[in-house]
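Enquirer: Everything below, folded, please.
(chains A and B)
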There are 2 protein chains.
Amino acid sequence: MMTNDPLSTTFAALADPTRRALLVRLAQGEATVNQLAEPFDISLQAVSKHRKVLEGAGLITRSRDAQSRPCRFESAPLENAVEWIERNRQIWTERFDQLETHLKNNQHGNQETAP
Amino acid sequence: MMTNDPLSTTFAALADPTRRALLVRLAQGEATVNQLAEPFDISLQAVSKHRKVLEGAGLITRSRDAQSRPCRFESAPLENAVEWIERNRQIWTERFDQLETHLKNNQHGNQETAP
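Expert: Numbering: from 1, shown residues only, chains lettered A, B, ... in the order given. The predicted structure is shown next:
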């Protein structure tokens, strides 16, 4: 099932090692598709395909000024992705803390009623 | 191109709204596949399919004790995912800070040499 919600699009774009490597490169500074392709053992066409997926997810934008149209890293979708993950990790951690407190209280109660 | 690296598997598993909703539910406590299916307007078969993807990504485990085999939220893959995202957001932020400092210094230099 294909979905178009922004969070699914972000995670799908990140689910590929080459696309993540392209993002790592772009986090260090703008680069054209030619510059991006250089260190990779893949065709310019393959890089362009990955670039389109990243652009569709809003993880990169392209300059309209220069003819070479360098790609630029965009952090907003990543912020939303981290926010979703951290929110659920927090729910999970809080539940664990509650469980621990509950077990401690129960243990304490058992000790008090022990002969 | 399908990839089997853990980070790609994690992000691919998160790239679906139903799977994320199942994880949100499991972050709040263990649940069987039947319990997971209840609030969703999808078949038990569809839930089982999503459960397998989440299990394959290590985002959930299933108890071997009970016959109902409840599913349990696992946070380790999410920690690795957040780590990857935050590392690259940090590289990007640092580069921006450097650029800002560079521009400020240049501006200061220009003012000093101005007639």
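
Enquirer: What's opposite residue A:62 in the beta bridge?
Expert: Beta-bridge pairing of residue A:62 under DSSP bridges involves residue A:71.

Enquirer: got the end-to-end distance for stretch A:22-32?
Expert: 11 Å (Cα to Cα, to the nearest Å).

Enquirer: Oh, that last question was meant for stretch A:61-79, not what I typed.
Expert: Terminal residues of stretch A:61-79 are spaced 16 Å apart (Cα to Cα).

Enquirer: Return the residues of chain A in contact with chain B.
Expert: Counting by Cβ under 8 Å from any Cβ of the partner chain, chain A comes close to chain B at A:1, A:3, A:5, A:7-9, A:11-12, A:14-17, A:20, A:23-24, A:27-29, A:73, A:75, A:78-79, A:81-82, A:84-86, A:88-89, A:91-93, A:95. Any C-beta I mention is one placed from the backbone N, CA and C, and that applies to glycine too.

Enquirer: okay, the angle between the longest helix along chain A and helix B:76-113?
Expert: Ranked by residue count under DSSP state H, the longest helix found in chain A is helix A:76-113. Relative orientation of helix A:76-113 versus helix B:76-113 (axes from the mean of the first three to the mean of the last three Cα atoms, to 10 degrees): 130 degrees.

Enquirer: So for helix A:76-113, what gets flagged as buried?
Expert: By neighbour count on 16 or more other Cβ atoms under 10 Å in any protein chain shown, the buried set for helix A:76-113 is A:77, A:78, A:81, A:82, A:84, A:85, A:88, A:89, A:91, A:92.

Enquirer: name the helices or strands packed onto it?
Expert: When contacts are defined as 3 or more Cβ pairs under 8 Å, 6 or more residues apart in numbering or on different chains; DSSP states H and E, helix A:76-113 packs onto helix A:6-14, helix B:17-27, helix B:76-113.

Enquirer: which intervals of chain A have sub-threshold pLDDT?
Expert: Within chain A, the ranges that satisfy pLDDT under 70 run A:1-3, A:108-115.

Enquirer: rerun that using 50 as the cut-off
Expert: Scanning chain A for pLDDT under 50 picks out the ranges A:1, A:114-115.

Enquirer: can you pull the alpha-carbon coordinates of stretch A:34-45 into CSV?
Expert: Listed next in CSV are the C-alpha coordinates belonging to stretch A:34-45 (Å, rounded to 0.1, in the frame of the first residue of the first chain):
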residue,chain,number,x,y,z
ASN,A,34,27.2,15.7,-10.9
GLN,A,35,29.1,16.4,-7.7
LEU,A,36,26.9,14.0,-5.7
ALA,A,37,27.4,11.2,-8.2
GLU,A,38,31.2,11.5,-8.2
PRO,A,39,32.1,9.4,-5.0
PHE,A,40,29.4,6.8,-5.8
ASP,A,41,29.7,3.8,-8.1
ILE,A,42,26.3,4.4,-9.6
SER,A,43,25.1,6.1,-12.7
LEU,A,44,24.1,9.8,-12.9
GLN,A,45,20.6,8.5,-13.8
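
Enquirer: contacts for that stretch?
Expert: If you take Cβ atoms under 8 Å, 6 or more residues apart in numbering or on different chains as the criterion, stretch A:34-45 is touched by A:18, A:21, A:22, A:25, A:26, A:33, A:47, A:51, A:68, A:70, A:71.

Enquirer: Please apply the same query to stretch A:76-89.
Expert: Here stretch A:76-89 makes contact (Cβ under 8 Å, 6+ apart) with A:6-7, A:9-11, A:14, A:57-59, B:14, B:20, B:23-24, B:27, B:75, B:78-79, B:81-82, B:85-86, B:88-89.
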